[in-house]
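J.: just the structure for this:
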Amino acid sequence: MHLKLSFCAALIGAALAAPSRRSSPHVLHEKRASEPLDWELSHRLDADKVLPMRFGLTQSNIHRVEELLMEVAHPESPRFGQHYSPKEVVDLFAPSSETISAVTNWLVDAGFARDKLRLSANKGWISMDATTAQVEELLKTEYHVWNHPSGEQQFGCHNYSVPAHVREHIDLIRPTVQFSQRLSPLAVKKRGGGLGMPSSRTGPKKSDKLVTISPSLEFCDQSITLDCLRALYNVSYTPVATAKNSYGIVEFTPQSFLAADLDLFFGNFSPSLVGVRPVNVLIDGAVIQTTDQSFDFNGESDLDLEYAMGLTNPQTITLLQTGDLVEGAGFDNWLDAVDGSFCTFEGGDDPTQDGIYPDPLPGGFKGPESCGIIAPPFVVSVSYGQDEASVTAAFANRQCTEYAKLGMLGTTVLYSSGDDGVAGGGGTCLNAALRPARNGRVFSPGFPVTCPFMTAVGATQINPGSNVTSPEGACEQVIFSGGGFSNIFPMPSYQAAAVTGFLKNHPPPFTAAQFNNSGTVRGFPDLSANGANYIIGIDGAFNLVFGTSASSPVVGSLITLINDARLAAGKGPVGFINPSIYSPAFASGFNDIVSGGNQGCGTAGFTATTGWDPVTGVGTPNLGKLLPLFLALP
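T.: Numbers count the residues shown, from 1 in each chain. Okay, the predicted model is just below:
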């Protein structure tokens, strides 16, 4: 889907229609979302350092993105299931020629050569290289370097400005104010954190209890197996349209599965899968590394693949392994790989959030970024996340729009809602200014789970002493289901009745000083599944693990089975499921969770109750009831 370079250059060269306005005053465009914890301001960035600048252009029809998505995703829409083609999506959202001209002429007027500017394949980004000194003059800002106790460094600015006449034509500029708390894979052995980086704060949580494997469903409150999940969620469907179907699991290097772990698990719980492996799609120089082996390196991937493969057998699972061993990756990197329109010709990702390829670091991946290398799977599950407070509204909205585009293409995107209840990663909460603080008391929602155009998955448990026929409760063992309300995203239309009903009929015992109780913002999670006591094969032995890390791939597996039934009936994939699961017609397809909470920030958190709640969403899926409901749709 790449435009040829000559065509891009021609478009840039044609950007002469808009008059230049050199005298236009600069106005503040973005400022940092929050000051980073554990990072120390060190010094000014070297004036001669070359920065890979990326200017995100204002896209067309963004104000219609929810409307366009609802047309193909709402179960009552006459266009349900009539998903868009990639070209149609590009054409719908491409920035106007006026926008391209305005930004191009501003940069040329500032002294940058027109032939050094590059326009992305979807016309959404203009990229160029410039020195720190040039960028500081262009954006009226200062770049500094921050140091971390691990030895890592990051650079960026606290805020930046653009001329008033181009402000409406720019969404965001990178690298600028986006400050990542993630550390590169090279820092793993010093101190963990972030996407793919081994850390006690991220990924599934391990129990020290001895694992007893029993074929009986009587002990599912103590150890979850494939059979326990099938009994819990009424799963008896065997896929028949596997050649047409697709299910992708995202993992971030250096996280990786071990083949022997898969076989250990399958040998006990799904013998026909012994020797079977996922189809590996290696994004941006990714590798399935086996040098470092431990729960922190292998637990997430082993968990995701063992249960996704086991529940959808014989469906082939696609592993979207993302990032090289040197630089790693962020969410934008896997989005690039499945949606060519999200890429730029020479990279459009945020150096503080994502891997930038080719990787100039020693030993880094020297090939081009993986752009549109695979069609989006019909379902994608991601068991990773970050805090909403760590991103700017501009960054969050731009990425969120990409999830909407994937929904328009027919893909269901699922993210784990987090394991710290109403708190952020590692139990961090916010202060009154909505900034991370060690003594914070304000609830800290996650990202991208607060994006209204993907599906957030919380966690439940079989309550101790209960069995698979008893109602589940919110997970309160080892982890607490992430849930709450966004501080960035407005409430989407599809959940308005459910969320408004919760706030009215079950008002939380908290004030606006603790969470956004305006009743006008996105609530999460959307639904949930069991997240406690999973048996996994890991590093040659069995362990029990906990986390919404487990819930997301399980829900993804059930949506994959639903897609299989629809494909076998000559229909298409369900795509974005939120409008359906919130509709009254689908209420019977979920087990309502009415007990448990998601404590955090020095409080008991929210409480699971009748209907939707910000602990378990609309409840857990009942596949036997959901299948006919989704099959009845066009």
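
J.: for the stretch 201-350 of the chain, which segments are assigned as strands?
T.: Per DSSP state E, counting those that start in this stretch, the stretch 201-350 of the chain has strands spanning 205-207, 247-252, 279-283, 317-322. These are given in chain order.

J.: first-to-last residue distance for stretch 163-173?
T.: Using CA to CA, to the nearest Å, the gap from the first to the last residue of stretch 163-173 comes to 13 Å.

J.: what's in contact with it?
T.: Contact partners of stretch 163-173, identified using CB atoms under 8 Å, 6 or more residues apart in numbering, comprise 21, 24-27, 29-30, 53-59, 95, 98-99, 102-103, 106, 139, 160, 162, 392, 394-395, 397-398. For the C-beta atoms, the positions are set from N, CA and C on the backbone; glycine is no exception.

J.: among these, name the buried ones.
T.: Buried members of the contacts of stretch 163-173, counted by 16 or more other CB atoms under 10 Å: 26, 29-30, 53-59, 95, 99, 102-103, 106, 139, 160, 162, 392, 394-395, 397-398.

J.: the domain parsing of the protein - what is it?
T.: Domain assignment for the chain, taken from the TED database, gives 27-59+94-182, 205-632.

J.: least confident of these, on average?
T.: Sorting the domains of the chain by mean pLDDT places domain 27-59+94-182 lowest, at a mean of 88.

J.: tabulate the domains of the chain (JSON lines), appending distance to Tyr84.
T.: As requested, the domains of the chain are exported to JSON lines (distance: least, CB to CB, whole Å):
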{"stretch": "domain 27-59+94-182", "distance to Tyr84": "14"}
{"stretch": "domain 205-632", "distance to Tyr84": "5"}
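
J.: for Glu67, find the nearest of these.
T.: In this view, the domains of the chain are compared for proximity to Glu67 by CB to CB, and domain 205-632 is the closest at 9.1 Å.

J.: so how far does the closest one reach from one end to the other?
T.: Looking at domain 205-632, the gap from its leading to its trailing residue is 39 Å under the measure CA to CA.

J.: centre of the chain to that domain, how far?
T.: With CA atoms, centre = their mean, to the nearest Å as the basis, the distance from the averaged C-alpha position of domain 205-632 to the chain average is 9 Å.

J.: what's the answer for stretch 124-138, then?
T.: Averaged over its C-alpha atoms, stretch 124-138 has a centre that lies 28 Å from its chain's centre (CA atoms, centre = their mean).

J.: and that stretch, what's buried?
T.: Buried residues in stretch 124-138, counting neighbours by 16+ other CB under 10 Å, are found at Gly124, Trp125, Ile126, Ser127, Met128, Ala130, Thr132, Gln134, Val135, Glu136, Leu138.

J.: narrow those to those in strands?
T.: Helix and strand membership here follows DSSP state E; of the buried residues of stretch 124-138, those in strands are Trp125, Ile126, Ser127, Met128, Ala130.

J.: any idea how far the third one lies from Thr99?
T.: Translated: Ser127. 15 Å (CB to CB, to the nearest Å).

J.: over to the last one?
T.: In this structure, Ala130 and Thr99 are 20 Å apart, going by CB to CB.

J.: how about the first one?
T.: Plainly put, Trp125 is 12 Å away from Thr99 if you go by CB to CB.

J.: now do the shared contacts for the two.
T.: Overlap of the contact sets of Trp125 and Thr99 (by CB under 8 Å, 6+ apart) consists of Leu57.

J.: still on that earlier bit, of the strands of the stretch 201-350 of the chain, which is nearest Asp221?
T.: Between Asp221 and those, the shortest separation by CB to CB is 13.3 Å, and it involves strand 205-207.

J.: pull the residues that contact the closest one.
T.: If you take CB under 8 Å, 6+ apart as the criterion, strand 205-207 is touched by Phe295, Gly299, Asp419, Val478, Ile479, Asn533, Asn543, Leu544, Val545, Phe546, Gly547.
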